[in-house]
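*Asks:* Sequence first, then the predicted structure, then my questions.
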Amino acid sequence: MTSDTDPLVKIRGLRFFRGERAIFDGVDIDIPRGKITAIMGPSGSGKTTLLKLIGGQLRPQAGSVEVDGQNIHRLSRRALYRLRIRMGMLFQSGALLTDISVFDNVAYPLREHAPLPSSMIRKLVLLKLESVGLRGARGLMPSELSGGMARRVALARAMALDPMMIMYDEPFTGQDPISLGVLVQLIRALNDASRITSIIVSHDVQETAEIADYIYVISNGRVIDHGSPDAMLKSNAPWTRQFMHGLADGPVPFHYPAPGLEQDLLGT
Amino acid sequence: MLEQLARLGRVGIAILAHIGRGNILLFHILGGITDLATRPGLLIRQLYSVGVLSMLIISVSGTFVGMVLALQGHYTLSQFGAEQSLGVMVAASLVRELGPVVTALLFAGRAGSALTAEIGLMKATEQLSGLEMMAVDPIKRILTPRFLAGFISMPLLAGMFSALGILGGYFVGVGLLGVDDGAFWSQMQAKIDLHEDIYNGVIKSFVFGWVCTWIALFQGYEAVPTSEGVSRATTRTVVHSSLAVLGMDFILTALMFGG
């Protein structure tokens, strides 16, 4: 049995390799219920991979990922799908189905999993679209949406079945300042209104620190620091400091490893 | 020497793994057919995009192939004074061989490449992952209707190819070259056998439909999710499908008519 104080997602000793390269090498993370937890790290640090591991789309070489008390990689396909109905995911690209309209995209999970009459589905879809401010765009096709609008539609779709948690994959990347502000506000408002557990993977420090309750910083396959956004911003640990403040040089060197400049130029 | 052997072994294992993944995917696709009974709309939409949208190229090609067959056949047959047999020659060539084979080659180029590109792009734009995360099996929902549509469409398209080819042959043979109208049809009716010719042709096109659609879907599903990866997968679909159709055609022809 799980209680409300247990973390919703519990990751222990996670090891995941792509070929010889370790993406995660002994990672422990707890995602508390009803909070916004951010997983931060530089590009290529495996943040999206982590979401895929939590969602059961990838299988780790060792370690465990428990979601609501269930070890996700030991579940049967049927049980995994049942659990996924309670998990929403917002992909970086939006991942909307391009051959159906905005309305049908948001209605898709409802039609698949909720045996409701179509009039009820219509009302639910309009409410979800209203909450992301796009009720008026229901007749548009995904190709007619801007990047920010597509992400908001994807958010409405992720919320369609009222999940217990939503995973956000780089929600702020490539957004103009207005879309960015809208997304930040939406994620926070959703969390406050529905107490949905949110996991945000991102490398956008400012926006993420603004809304997160807790931050994990990962690099080179390990959790190198974690704490509240304030603690992370004030951290004196050299790596955390360099990442959170975007310093050009530090433990992650400015220069890619190379022989000495003199040697390269003079050929000595 | 040992290193070369090891490399050969690695290539062999990679090929076997590739074939194995293809078969697992096919098994999974077939497992979704029962689900399709409750969602006939998915199949109908794919029958339209895979089958109906291929009709134009198949009709035009069939007509021209029939016309060329009549021209070439008339020239050869007239050397022996047998031009009255033009109808049976055109029909037999189309129904037994050219109908199924050329339709399959055109299908691989038009519908097969489109299927690969569509599935590959759905993978690249995370639509397949998105479905997975919505607890919807993308293989059953996306691949199965396309597979079944390809399998059903191919014999119908091949039938259309042959029928229009015969009409094209009639137009050239009877209309332009002066072959006797009655002889054209009556010889065809007398010599074309329902089992020997037509059924065997239909069996061939079912096999080609199965193989071409399977290859197209597998290549799309396995595509590296980048623009270059999708482009390569599309090329592979056309090349592999064409070679598979020609190879299978030889085997099937030998089995059906060889003995």
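*Replies:* Yep, that arrived. Numbers count the residues shown, from 1 in each chain, chains lettered A, B, ... in the order given.

*Asks:* what does the helix or strand bottoming out on mean pLDDT in chain B contact?
*Replies:* Least confident helix or strand, chain B: helix B:33-36 with a mean of 88, by mean pLDDT, DSSP states H and E. Residues from elsewhere that reach helix B:33-36 (C-beta atoms under 8 Å, 6 or more residues apart in numbering or on different chains): B:42-43, B:140, B:144-145, B:148. The way it works is simple: take the backbone N, C-alpha and C, and place the C-beta from them, glycine included.

*Asks:* Let me know how buried B:Gly182 is, in neighbour terms.
*Replies:* 11 (other C-beta atoms under 10 Å in any protein chain shown).

*Asks:* And the one 3 residues further on, by the same measure?
*Replies:* When neighbours are defined as other C-beta under 10 Å, B:Trp185 has 16 of them.

*Asks:* That one in helix, strand or coil?
*Replies:* Classification of B:Trp185 by DSSP: H, G, I helix; E, B strand; the rest coil places it in helix.

*Asks:* for the residue nearest to A:Leu116 when sequence neighbours are not counted, helix, strand, or coil?
*Replies:* Excluding the flanking residues, the one nearest A:Leu116 by C-beta to C-beta, 6 or more residues apart in numbering or on different chains is A:Leu110, at 6.5 Å. Secondary structure of A:Leu110, reduced to three states by three-state DSSP: helix.

*Asks:* Cross-check the contact I'm expecting between A:Leu110 and A:Met159.
*Replies:* No: counting by C-beta atoms under 8 Å, A:Leu110 sits too far from A:Met159 to count as a contact (10.9 Å).

*Asks:* Render the CA-only coordinates of stretch A:185-201 in PDB, please.
*Replies:* Provided in PDB are the C-alpha atoms of stretch A:185-201 (Å, rounded to 0.1, in the frame of the first residue of the first chain):
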ATOM      1  CA  GLN A 185       1.700  30.200 -15.700                       C
ATOM      2  CA  LEU A 186      -0.300  27.200 -17.000                       C
ATOM      3  CA  ILE A 187       2.000  24.600 -15.500                       C
ATOM      4  CA  ARG A 188       1.900  26.400 -12.100                       C
ATOM      5  CA  ALA A 189      -1.900  26.900 -12.200                       C
ATOM      6  CA  LEU A 190      -2.500  23.300 -13.200                       C
ATOM      7  CA  ASN A 191      -0.400  22.100 -10.300                       C
ATOM      8  CA  ASP A 192      -2.100  24.500  -7.800                       C
ATOM      9  CA  ALA A 193      -5.600  23.700  -9.000                       C
ATOM     10  CA  SER A 194      -5.500  20.000  -9.400                       C
ATOM     11  CA  ARG A 195      -2.500  19.000  -7.200                       C
ATOM     12  CA  ILE A 196      -1.200  17.100 -10.200                       C
ATOM     13  CA  THR A 197       2.400  15.800  -9.600                       C
ATOM     14  CA  SER A 198       4.600  17.400 -12.200                       C
ATOM     15  CA  ILE A 199       8.000  16.400 -13.400                       C
ATOM     16  CA  ILE A 200       9.700  19.000 -15.600                       C
ATOM     17  CA  VAL A 201      12.900  18.200 -17.400                       C
END
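
*Asks:* Give me the buried positions along it.
*Replies:* Residues of stretch A:185-201 classed as buried by neighbour count (16 or more other C-beta atoms under 10 Å in any protein chain shown): A:186-187, A:190-191, A:194, A:196-201.

*Asks:* Could you export stretch A:225-239 as PDB, CA atoms only?
*Replies:* C-alpha atoms of stretch A:225-239 as PDB (Å, rounded to 0.1, in the frame of the first residue of the first chain):
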ATOM      1  CA  ASP A 225      22.900  18.100  -6.400                       C
ATOM      2  CA  HIS A 226      19.300  18.600  -5.300                       C
ATOM      3  CA  GLY A 227      17.300  20.900  -3.200                       C
ATOM      4  CA  SER A 228      14.900  23.800  -3.300                       C
ATOM      5  CA  PRO A 229      15.300  26.300  -6.200                       C
ATOM      6  CA  ASP A 230      16.700  28.900  -3.700                       C
ATOM      7  CA  ALA A 231      19.200  26.400  -2.400                       C
ATOM      8  CA  MET A 232      20.300  25.500  -5.900                       C
ATOM      9  CA  LEU A 233      20.700  29.100  -6.900                       C
ATOM     10  CA  LYS A 234      22.800  29.900  -3.800                       C
ATOM     11  CA  SER A 235      24.700  26.600  -3.900                       C
ATOM     12  CA  ASN A 236      28.500  27.000  -3.700                       C
ATOM     13  CA  ALA A 237      29.200  23.600  -5.300                       C
ATOM     14  CA  PRO A 238      31.200  24.500  -8.400                       C
ATOM     15  CA  TRP A 239      29.300  22.500 -10.900                       C
END
